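*Asks:* Okay, predicted coordinates and the sequence, questions at the end:
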Amino acid sequence: MLKNIRFLKDPGYTYDLFYIFIHYFNREYVLANFSNFNTYAEDVRFSEKMLEEFPDIPEELRLFFHLDDNPLTVITEFYYKPYRNDFLKGTYSLAAIQNELMNYDQVVMNVLRHYFRNEPAETLQKCKESLPAANALIKNSSLDTRVKSALYSFLIDPIPVIQRLSHELMAKEFLLSKQYEKNSALMRSLQENFDFSDFAEKMKMDPLNSTDIDIYDEVVITFCYYHKNHLCTYFFNDAVLIVMGHDYIDTLQYLIDKKFTPKLNEFGTAVSEENRAAILQFLHEKGEASIKEVEQSLHLAGTNAYYHMNLMIRAELIKTRTSGKKILYSINHQYFRALIEVLKDYCGDAKEKP
């Protein structure tokens with residue numbers, strides 16, 4: 001069946017804009033969770049380049065882009081995901097979001113709903129109207145202290161903060177447009193060289209999220225430049241929208257190759273260095289720990305610890321999760337259970353000779 005394949009600038013472009021802010025406020029989380037570990041060094045360099053290309057962002061805007069136990073930020077939860085029906089129409093854009101941000105009361109409620117999602121609507125409304133009530137809720141929460149500070153300031157006088165958010169989005173969008181112009185040849189080649197048949201087959205092979213996009217009559221593609229490893233699908237009645245970064249081929253291959261069969265050479269490399277063996281033992285005894293705790297307990301420099309931890313993440317010996325402002329590391333027990341099965345092949349079933 002002949003497919004109707006078309007390419008849109010948005011929502012990929014606007015998502016890329018949001019990603020610049022998300023990356024700025026959550027760099028460690030982004031590198032730990034959004035990297036292709038086959039090209040990790042390149043991802044780190046790309047991250048550093050991004051920080052150089054976009055000037056500092058005011059700390060007070062952290063609350064709109066902070067990642068915690070919730071995988072969504074305020075901006076993606078309320079100003080991206082809910083607009084999925086506008087994606088295919090071509091009506092989603094920064095201009096539409098800026099218009100929504102002018103509804104200041106709704107923005108305040110969205111922020112409260114995001115950070116206090118288990119609180120009833122009446123409590124959130126009271127916090128919106130009463131600073132003492134809001135302060136009590138914030139004080140008793142387990143939120144990151146930086147988010148708490150930003151929330152206090154925001155609720156005292158939210159309008160200037162929302163206006164600053166709008167201004168920063170416009171300022172960064174101007175810079176983003178220049179970078180897209182600079183990399184126009186790359187973005188154009190992504191469209192010209194897109195091979196639907198090959199891509200569809202690879203999507204089916206992803207062991208974590210196999211998807212048959214071949215069943216849809218219409219396939220809509222939108223690319224990101226800065227979120228280079230992004231790959232996300234949105235399904236509609238007869239169409240599928242795919243948002244993906246410019247390294248989507250390597251990203252998809254990485255996901256396909258990431259079948260849970262431990263490779264002995266990778267395992268040997270991961271445990272052959274005494275610091276990494278010590279980190280494994282520490283995590284075994286501790287259960288889980290932040291990178292700061294690893295540094296302090298084993299007397300490792302920050303860059304050293306970060307290097308060793310990410311090497312073991314890449315080999316899948318350890319895994320991560322977020323808790324408030326921290327990224328917590330722990331042993332990937334599933335990996336070691338799979339490793340035992342691999343090692344059993346070398347045991348043999350012959351009786352030991354006397």
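*Replies:* Received the coordinates, thanks. Residues are numbered from 1 along each chain as shown.

*Asks:* quick check, Thr320 in a helix?
*Replies:* No: counting by DSSP: H, G, I helix; E, B strand; the rest coil, Thr320 falls outside a helix, being strand.

*Asks:* any idea how far Thr269 is from it?
*Replies:* 20 Å (Cβ to Cβ, to the nearest Å). Glycine gets a C-beta too; all of them are placed from N, C-alpha and C.

*Asks:* Neighbour count: those two, which is higher?
*Replies:* Thr320 (19 against 15; other Cβ atoms under 10 Å).

*Asks:* Please read off the pLDDT at the more buried one from the model.
*Replies:* You'll see Thr320 listed with a pLDDT of 77.

*Asks:* So what pairs up with it in the strands?
*Replies:* Tyr329 (DSSP bridges).

*Asks:* so who does it touch?
*Replies:* Applying Cβ atoms under 8 Å, 6 or more residues apart in numbering to Thr320 gives the contacts Ala32, Asn33, Ile313, Ile327, Leu328, Tyr329, Ser330.

*Asks:* Selecting buried members of these in PyMOL, what would you type?
*Replies:* Buried subset of those, written as a PyMOL selection, criterion 16 or more other Cβ atoms under 10 Å:
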select buried, resi 32+33+313+327+328+329
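
*Asks:* farthest pair in the contacts of Thr320?
*Replies:* With distances taken as Cβ to Cβ, the most widely separated pair in the contacts of Thr320 is Asn33 and Ser330, at 14.4 Å.

*Asks:* Tell me how many other residues crowd Tyr115.
*Replies:* For Tyr115, the count of nearby residues is 22 (other Cβ under 10 Å).

*Asks:* Tyr248 too?
*Replies:* Tyr248 has 22 nearby residues by other Cβ under 10 Å.

*Asks:* Please report how far the closest residue to it other than its chain neighbours lies from Gln163.
*Replies:* Once flanking residues are discounted, Tyr248 sits nearest to Leu231: 5.8 Å by Cβ to Cβ, 6 or more residues apart in numbering. Separation of Leu231 from Gln163 (Cβ to Cβ): 34 Å.

*Asks:* Neighbour count for the two, which is higher?
*Replies:* Comparing Leu231 with Gln163 by neighbour count (other Cβ under 10 Å), the higher total belongs to Leu231, at 19 against 13.

*Asks:* Sounds good, over and out.
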